[in-house]
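Chemist: What shape does this take:
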Amino acid sequence: MTEPSGTTVSELAARLSGWLRRLPPAEDRIVALIKELDARYGDRSDPVTATTCREVERTAWAYSRHLELQFEPAGTGTPDEESPGWDDPDPAGVLRGAAAVTRVQRLREGISLIQIDSLEPVSLAQSYVRAAFQLARHASGIIIDLRGNGGGDPATVALIAGLVLGDVSRPLSEVTYRERRRQWWTPDFEAGTAVPAHVPVAVLSSTRTFSSGEALAYHLQARGRVTVVGEATPGAADHVTPIRLTPTVLGILPEAYVTDAVTGTNWEGRGVLPDVACTAEEAATAAVDHLLRA
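Modeler: Residues are numbered from 1 along each chain as shown. Next up, the predicted model:
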């Protein structure tokens, strides 16, 4: 049985609210989340446990689907006063896993399937991603399997989006932080690099497609270049960063929001909705059938 920490639920909620006031832009939904946290948990004197972390987390999901509270009962870390940012991944581990480019397979009638299970840093992923698309170069149709993709580097989103959308750079999104903005564009490629415009493309989605995995599906769907097949995704559009809230609780908290350059909005809370709805298990077969009719 998990031992509770010495921090009370009200103290955790107050620290979480404090970071939400200073970290992301002050959108109405973040203001509403802070009010909800105070109303629900402001008087809670019971100690924080894994169960209460899940309770607070699920309250937050109505406002920021990406927010996460990781309970570490043996934790002794000092709560953060400044945002530390993400640690760099182990390059050797990323390369051993081929940057999560898990499968490239030729299916019936010359259709290729490319499975990408996370979006590793573009400096490490680029050669694997481009090799996968090169193997699919002369396919009659392409399926990008994101059913298990939990997200990752926005630069890798831009790389893959460019390989599908075309050789000429184009805007994808703008990310708004509290004190700055950043635009994301697809790369410029040598002519003939991207998937030919006449080749149909499908993206497989599931309830496990998350964060930047959702971003890739959303940006491609918004431009009418792909057919999304499978399940609606959870709807985690915010950019997030790790914050040590208490010695035993690590928060993954929103720090910025995304605006798609075409739609002027994003998939937060709604998810990416499939064009062809089916179970995740049926998605590959359904996508092949769809592409053969395209």
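Chemist: hang on, isn't Leu220 packed against Glu214?
Modeler: No. Look at Leu220 against Glu214 with C-beta atoms under 8 Å: they stay out of range, at 11.0 Å. Bear in mind the C-beta positions are built from the backbone N, C-alpha and C, glycine included.
Chemist: Compare neighbour counts for these two and give me the winner.
Modeler: Remark: of Leu220 and Glu214, Glu214 carries more neighbours, 30 against 25, as counted by other C-beta atoms under 10 Å.
Chemist: Quick check: the gap between that one and Ala237.
Modeler: Distance, Glu214 to Ala237, by C-beta to C-beta, to the nearest Å: 7 Å.
Chemist: how about the nearest residue to the most centrally placed residue in the chain, chain neighbours excluded?
Modeler: Nearest to the geometric centre of the chain sits Ser211, at 1.3 Å (C-alpha atoms, centre = their mean). Using C-beta to C-beta, 6 or more residues apart in numbering and skipping residues adjacent in sequence, the residue nearest Ser211 is Gly151, 2.9 Å away.
Chemist: For the one you found, give me its contacts.
Modeler: Ser118, Leu119, Phe210, Ser211, Ser212, Gly213, Glu214, Ala215, Ala236 (C-beta atoms under 8 Å, 6 or more residues apart in numbering).
Chemist: Next up, phi/psi of it, please.
Modeler: Backbone torsions of Gly151, given as degrees, to the nearest 10, read phi 110, psi -170.
Chemist: shaky segments in the protein?
Modeler: Applying pLDDT under 70 to the chain flags residues 1-5.
Chemist: Just give me the longest strand of it.
Modeler: When the chain is scanned for its longest strand (criterion: DSSP state E), the result is strand 249-260.
Chemist: neighbouring strands for the helix or strand that comes right after that strand, and are they parallel or not?
Modeler: Once strand 249-260 ends, the next helix or strand along the chain (criterion: DSSP states H and E) is strand 276-277. According to DSSP bridges, strand 276-277 forms sheet pairs with strand 226-230 (parallel).
Chemist: Could you point out the helix or strand that follows the strand it pairs with?
Modeler: Counting by DSSP H and E, what follows strand 226-230 is strand 239-246.
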